[in-house]
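>>> from the sequence below, what's the structure:
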Amino acid sequence: MDLNKFKYYYNNVPGKGLCRNNLIYTSLINEDATEFCMWFYNDSDYHKGHNEVVDTPLMEEKFKREIRYLELMGEQCPDLIPKYRIDMEEKKIYLDIDGPDMWECAGCQGTDYSKVLPDWKEQMLNIIKAHKDLGLYKYSLHPSSYFVVDGKLKSINYFFAYDKREPGITIRSVLSHISHDRREVLIPNIEKMGLDLDSVQNLNVLQMLCFDSFKNNFDSAVMEEAKRIYV
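Modelled structure (predicted):
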């Protein structure tokens, strides 16, 4: 890593301070915040000893999955993701941005991002509809998974996305992708839906679970509308 150009990227969460921007990869940003780097490397200094994905083959699989769906979005919906370039050898994906992610711009709190982007609701739902039209299920929906570039919402974090032709997955198999704070919201919803952590779940069912679990980060009505897109 060129420390003269890039540094670790954290979200400054009220009451918690600097927190990891992502649990899987190492997040980097350049000095003038025009490039964000997803470094698919298990960096202990960045994760501060709370590393989630420590298995090298799994990290490789996440890297390939991110590339696969960024490329699909780039081909079919280029306006919905940042412009990017890939360093296969270093396992880094560089994205063109206009400053910090949407969550950081909103002070890492609240469920309304109108002060960051007035029409964020319509733009987010448009991205979710694009995923549905492409047969994708994307479970990484945290507001830090979005950047605003030239007034347009851009989506990233496709390492936690699946194609409708793929088989279902168990919830336990992807718990490392989910923060402990998120699990506190997720588990009650899992119980409410009568789901089992170790049973293979339909990808659409998991998408509905995902939308419900993000109602503490987004306007509940927006998540309900997102659910209707996938019905």
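>>> residues touching the longest helix anywhere in the chain, excluding its own?
The longest helix of the chain (DSSP state H) is helix 56-76. Under the contact criterion CB atoms under 8 Å, 6 or more residues apart in numbering, helix 56-76 has outside partners 24-25, 38, 40-42, 53, 80-81, 84, 86, 91, 93, 130, 134, 136, 138, 155-161. C-beta coordinates here come from the backbone N, C-alpha and C atoms, glycine included.
>>> now that helix: average pLDDT?
Helix 56-76 shows a mean pLDDT of 96.
>>> equivalent analysis for stretch 23-35, please.
96.
>>> name the surrounding residues that touch that stretch.
1, 5-10, 20-21, 36-43, 46-47, 52-53, 59, 62-63, 92, 94-100, 159-160, 176-179.
>>> show the buried residues in these.
6, 8-10, 20-21, 36-40, 42, 46-47, 52-53, 59, 62-63, 92, 94-95, 97, 100, 159-160, 177-179 (16 or more other CB atoms under 10 Å).
>>> narrow those residues to those in helices?
46-47, 59, 62-63.
>>> nearest to residue 107 among those residues?
If you rank these by distance to residue 107 using CB to CB, residue 46 comes first, at 22.3 Å.
>>> any stretches of this protein with poor pLDDT?
When residues are selected by pLDDT under 70, those of the chain lie in 1-4.
>>> please enumerate the strands of it.
6-8, 10-13, 17-20, 26-30, 35-39, 84-87, 92-96, 136-138, 146-149, 152-155, 161-163 (DSSP state E).
>>> doesn't residue 188 make contact with residue 216?
No. In this structure residue 216 lies outside contact range of residue 188 using CB atoms under 8 Å: 11.4 Å.
>>> got a list of what residue 116 touches?
102, 105-106, 148.
>>> measure it to residue 105 for me?
Using CB to CB, to the nearest Å, residue 116 is found at 5 Å from residue 105.
>>> overlap of the contact sets of those two?
residue 148.
>>> I figured residue 163 hits residue 131, correct?
No. Contact criterion CB under 8 Å: residue 163 and residue 131 do not qualify, at 10.6 Å.
>>> higher neighbour count, these two?
residue 131 (22 against 14; other CB atoms under 10 Å).
>>> go ahead and confirm the more buried one touches residue 140.
No. With contact defined as CB under 8 Å, residue 131 does not reach residue 140; the gap is 11.3 Å.
>>> need the residues touching each of these two.
Shared contacts of residue 131 and residue 140, counting by CB under 8 Å, 6+ apart, come down to residue 161.
>>> nearest to residue 203 among the strands of the chain would be which one?
That would be strand 136-138 among the strands of the chain, by CB to CB, at 4.5 Å.
>>> each with direction, which strands does the closest one pair with?
strand 161-163 (antiparallel) (DSSP bridges).
>>> other residues contacting the partner strand?
65, 69, 131, 135-140, 169, 203.
>>> again, 6 Å this time
By CB atoms under 6 Å, 6 or more residues apart in numbering, the list of residues contacting strand 161-163 from outside reads 69, 135-138, 203.
>>> what is residue 12 paired to in the beta sheet?
In this structure, residue 12 bridges to residue 18 when assessed by DSSP bridges.
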